[in-house]
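Chemist: Sequence unavailable; structure follows:
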């Protein structure tokens, strides 16, 4: 981002500070600061709940001096709009995919590369905000967009749903599958053998119900809490992308906080990251059982799902477009112990 754009963004933040920080008086006549947190998920999902946990932890650690208000269900914007809103300062926080944050600073998209992590522990080490890889990319993100990632939590492993049995990439030929509207997700769906159709999450249930798309891919908890079993008959356990949702914060807001409040946010971030990741891991088995109970037919390698074929197709497609751009990042991820 150019110097002039940075200056413009800072002017916008100052001009819009009333929307970001609203003074309130408590019984001790001490001013509390209200900061807005917008996201796209339902409050009953783990991704939605963790925003509330974070807000509660910050309020407790600051004795109510920081009050984070949560706006779920894309009330404050869609995926791209939420990332941009944190950048301009119209909201203080949001959580988003790394791919969406990649629209602000391209290297971030690499975190959401399919079949990248050895396991969830490996994912959490790579996406630790205090770790060397995240710190390196965070500096670039701050310089490019005036935002920083304060924590990333395990969001689950993405699986495929459709209204037909799918066992191999050939079964998706000509099928329109919703993809998150960012390049690495579009390429992933194409590598799976389908036609990727960019649809914002807020529009996915309607797009599935009306046939605009014939399938989609998401973690089990999202599929369950969004009631996608009502509009999709089959669940394929492709396990193609394990990912962290990244919680973004406007950097000017961060820099404007006293050290004690920064410390409180850092501590709340670590606690919420651990709790949300544990909850998501723990929920995966029960979410799968609930989706089966809701009537979904589950296809895995025990009944013919060719996971190796999906892996081969996706990795070939990703390497074609992103290996040169993200090769150094991938090497650092592989070396993370």
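Modeler: Arrived safely. All figures in this text were calculated on a predicted structure; none of them were measured in a lab.
Chemist: Could you use CA atoms for every contact and neighbour count after this?
Modeler: Fine.
Chemist: C-terminal to the lowest-mean-pLDDT helix or strand in the chain, what's the next element?
Modeler: None of the helices or strands of the chain scores lower by mean pLDDT, DSSP states H and E than strand 22-25, at a mean of 38. Next helix or strand after strand 22-25 toward the C-terminus (DSSP states H and E): strand 31-38.
Chemist: ok now that following strand, how far from the chain's centre?
Modeler: Distance of strand 31-38 from the chain centroid (C-alpha atoms, centre = their mean, to the nearest Å) equals 22 Å.
Chemist: residues of it that come out buried?
Modeler: Neighbour counts over strand 31-38 (16 or more other C-alpha atoms under 10 Å) mark 32-38 as buried.
Chemist: per-residue pLDDT, the residue nearest to residue 69 when sequence neighbours are not counted?
Modeler: Nearest residue to residue 69, sequence neighbours excluded (C-alpha to C-alpha, 6 or more residues apart in numbering): residue 36, at 5.0 Å. We have a pLDDT of 98 for residue 36.
Chemist: So which residues of the protein form strands?
Modeler: Secondary structure of the chain by DSSP state E: the strands cover 22-25, 31-38, 66-71, 93-96, 147-162, 176-179, 195-198, 215-218, 234-250, 297-299.
Chemist: Which one, of these, ends up nearest to residue 57?
Modeler: For these, the distance to residue 57 is smallest for strand 66-71, at 9.9 Å, taking C-alpha to C-alpha.
Chemist: Give me the contact list for that closest one.
Modeler: 32-39, 51-52, 55, 58-59, 261 (C-alpha atoms under 8 Å, 6 or more residues apart in numbering).
Chemist: what's the answer for stretch 51-59, then?
Modeler: With C-alpha under 8 Å, 6+ apart as the test, stretch 51-59 has contacts from 37, 64-70, 264-265, 268-269, 272.
Chemist: And these, which two are furthest apart?
Modeler: Of all pairs in the contacts of stretch 51-59, the most separated under C-alpha to C-alpha is 65 and 272 at 18.9 Å.
Chemist: Have a look at these two and say which one is more surrounded.
Modeler: residue 272 (24 against 20; other C-alpha atoms under 10 Å).
Chemist: how close does the more buried one sit to residue 228?
Modeler: 27 Å (C-alpha to C-alpha, to the nearest Å).
Chemist: any idea which of the contacts of strand 66-71 is closest to residue 147?
Modeler: The closest of the contacts of strand 66-71, once distances to residue 147 are taken by C-alpha to C-alpha, is residue 37, at 13.5 Å.
Chemist: Identify the residues contacting the nearest residue to the closest one once chain neighbours are set aside.
Modeler: Nearest residue to residue 37 in three dimensions, chain neighbours excluded: residue 93, at 4.4 Å (C-alpha to C-alpha, 6+ apart). By C-alpha under 8 Å, 6+ apart, the residues touching residue 93 are 35-38, 86, 247-250.
Chemist: distance of residue 93 from residue 39?
Modeler: Applying C-alpha to C-alpha to residue 93 and residue 39 gives a distance of 8 Å.
Chemist: okay, now residue 163: neighbour count?
Modeler: Residues near residue 163, counting by other C-alpha under 10 Å: 16.
Chemist: Which stretches in the protein count as helices?
Modeler: 3-15, 17-20, 46-61, 79-88, 98-101, 120-126, 132-145, 183-191, 204-210, 220-225, 251-256, 259-293, 307-335 (DSSP state H).
Chemist: From residue 110, how far off is residue 197?
Modeler: 20 Å.
Chemist: let me redo that: residue 62
Modeler: Using C-alpha to C-alpha, one gets 35 Å for the distance from residue 62 to residue 110.
Chemist: Show me which of those two is the more surrounded one.
Modeler: Shown here are residue 62 and residue 110; by other C-alpha under 10 Å, residue 110 has more neighbours (20 against 17).
Chemist: Identify the residues contacting stretch 258-265?
Modeler: For stretch 258-265, using C-alpha under 8 Å, 6+ apart, the contacting residues are 58, 61-62, 66, 254.
Chemist: One more: stretch 219-238?
Modeler: Residues outside stretch 219-238 that contact it (C-alpha under 8 Å, 6+ apart) are 42, 44-46, 155-167, 205, 208-209, 215, 280, 283-284, 287-288, 290-291, 294-300, 305, 307, 310.
Chemist: One more: stretch 119-137?
Modeler: Applying C-alpha under 8 Å, 6+ apart, the external contacts of stretch 119-137 come out as 107-108, 111, 117, 149-154, 242-244, 332-333, 336-337.
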